[in-house]
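**Student:** Coordinates for the following, if possible.
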Amino acid sequence: MLVAVSVFAWLAWTSKEEPGVGRVAGALPVNAAASTLSDESYELLAAFRAPEYVEQPGAPKTFRAAMAKYKMEDYAGAASALRSVTAAQPGFAGARFYLGISLLLTGDRISGIEELRGVTDSGDSAYLERARFYLAKGLIAEHDIHRAQEQLENLIAQHGDLEKQAAALLGQIRPS
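**Tutor:** Take a look at the predicted model:
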């Protein structure tokens, strides 16, 4: 009897800390909606092809050299070169945007997310819409569905070129 009471007490105590299948009552995880996606689904929803770079007249020579690597799909080389550009010009939204993309594509998601968040936080720029979209992709890859939803909702509210893609992606990550 003492063993049974001890086991029950232990199960009741751990169920409050670790809710899940086969447990007694407990709070739902904060990101309950995200738990319905498989790891493969996260990867598929986060996948993207690098956005095309269009030449910018008057861009600094170091930026153009970095973007030559980017165009050749040398994202690691582009990231390295773009880091020096952003170090010299931290407010250069184009360099931060393509650095974020390059970092995401090389697997450095956290740094890529930070760069893209810097672009979105800096306000209105020619890169704001695309930065929000790829930031959402990076957040999905990190299983941060709540923040990805926020970015997609903000993007949809802009009514820009990526509105339909954002709405479709949002529909795929929202709980059903």
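
**Student:** and Pro57, helix, strand or coil?
**Tutor:** Here Pro57 is coil, with the state taken from DSSP: H, G, I helix; E, B strand; the rest coil.

**Student:** How many residues are close by it?
**Tutor:** Pro57: 4 surrounding residues under other Cβ atoms under 10 Å. Every residue, glycine included, has its C-beta placed from N, CA and C.

**Student:** Per-residue pLDDT of it, please?
**Tutor:** Per-residue pLDDT puts Pro57 at 81.

**Student:** Torsion angles phi and psi at it?
**Tutor:** When read as degrees, to the nearest 10, the backbone of Pro57 gives phi -60, psi 140.

**Student:** Would you check how far apart it and Tyr75 are?
**Tutor:** As defined by Cβ to Cβ, to the nearest Å, Pro57 lies at a distance of 24 Å from Tyr75.

**Student:** what does Glu52 give?
**Tutor:** From Glu52 over to Tyr75 (counting by Cβ to Cβ), the distance is 14 Å.

**Student:** which residues touch Leu139?
**Tutor:** 113, 145, 147-148, 151 (Cβ atoms under 8 Å, 6 or more residues apart in numbering).

**Student:** if we go to 10 Å?
**Tutor:** Shown in contact with Leu139 (Cβ atoms under 10 Å, 6 or more residues apart in numbering): 46, 109, 113, 116-117, 145-152, 173.

**Student:** Having no further points to raise, I will conclude here.
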